[in-house]
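Novice: Provided below are the primary sequence and the corresponding predicted coordinates.
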Amino acid sequence: MQAFIVIDVQNDFCPHGALAVPEGDQIVEGINALMNNFDSVILTQDWHPAGHSSFASSHEGKSAYDVIDMPYGPQVLWPDHCIQGSMGAKFHTELHQDRADLIIRKGMNPAIDSYSAFFENDHKTPTGLEGYLNTRGITHLTMVGLALDFCVNYSAVDAAKLGFDVTVRGDLCRAIDLNGSLDVAIEGMKGAGVTLT
């Protein structure tokens, strides 16, 4: 069984959004075209409460893209984005949401960020996605979405470590590329056994 996992194709990650990924909207048509090729389609959605600890605005004297130490490790501070119920947190209007069997929301804990579709950034607290895939008998995952060097990367590496066969479609992802983060992510995914196409 194969699942198509669409990571964070939300307004705030598309042009004019609060944390816009360059050309983030240009992958939507290609993603929609592939949805019917899989046994299951799963969407993930960044879903932060206002004042989340990963927001630069929550830390006096800090700016967006500064890095601070959190109890779970280094944390990039982001512009306020994907706040629960906001227009920015909604999926891109052209994304075919009705095809999804499951929507996984992440980043809801105000004290910890969550890039991966599988775990919060402590790498311990699960989202429940692994259990869902296992009970459905899904072994092969194809991942697309935003951003390649953060949420797609973390999701793909975690999935590979959990024993799933993982492919990332690079043509249907876009990256932030923060201080070389894209090259680091690609090497990390390859090292974890993720297939990049």
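Specialist: Looks like it arrived, so ask away.
Novice: can you map out the strands along the protein?
Specialist: Ranges of strands in the chain, per DSSP state E, are 2-7, 40-46, 67-70, 73-76, 102-106, 140-146, 165-174, 195-196.
Novice: reformat those as CSV; add distance to residue 156, mean neighbour count and mean pLDDT.
Specialist: Placement of C-beta: from N, CA and C, glycine included. CSV is the format used below for those (distance: least, CB to CB, whole Å; neighbours: other CB atoms under 10 Å; pLDDT from 0 to 100):
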stretch, distance to residue 156, mean neighbour count, mean pLDDT
strand 2-7, 9, 26, 98
strand 40-46, 12, 24, 98
strand 67-70, 22, 12, 95
strand 73-76, 18, 14, 94
strand 102-106, 15, 18, 98
strand 140-146, 5, 25, 98
strand 165-174, 5, 20, 98
strand 195-196, 9, 14, 98
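Novice: residue 58: what's it in contact with?
Specialist: The contact partners of residue 58, taken as CB atoms under 8 Å, 6 or more residues apart in numbering, are 51-52.
Novice: tell me how far it lies from residue 65.
Specialist: 14 Å (CB to CB, to the nearest Å).
Novice: with residue 117 as the reference, name the closest of the strands of the chain.
Specialist: The closest of the strands of the chain to residue 117 is strand 40-46. By CB to CB, the value is 4.7 Å.
Novice: residue closest to the middle of this protein?
Specialist: residue 151 (3.1 Å; CA atoms, centre = their mean).
Novice: and the strands of the chain as CSV, adding distance to residue 34?
Specialist: Output for the strands of the chain, formatted as CSV (distance: least, CB to CB, whole Å):
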stretch, distance to residue 34
strand 2-7, 6
strand 40-46, 9
strand 67-70, 35
strand 73-76, 30
strand 102-106, 17
strand 140-146, 8
strand 165-174, 8
strand 195-196, 16
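Novice: which one of those strands lies closest to residue 87?
Specialist: strand 40-46 (13.3 Å).
Novice: who are the packing partners of that closest one?
Specialist: Using 3 or more CB pairs under 8 Å, 6 or more residues apart in numbering; DSSP states H and E, the elements in contact with strand 40-46 are strand 2-7, strand 102-106, helix 129-136.
Novice: can you lay out these as CSV showing distance to residue 166?
Specialist: Listed next are the helices and strands packed on strand 40-46 as CSV, based on distance: least, CB to CB, whole Å:
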stretch, distance to residue 166
strand 2-7, 9
strand 102-106, 16
helix 129-136, 11
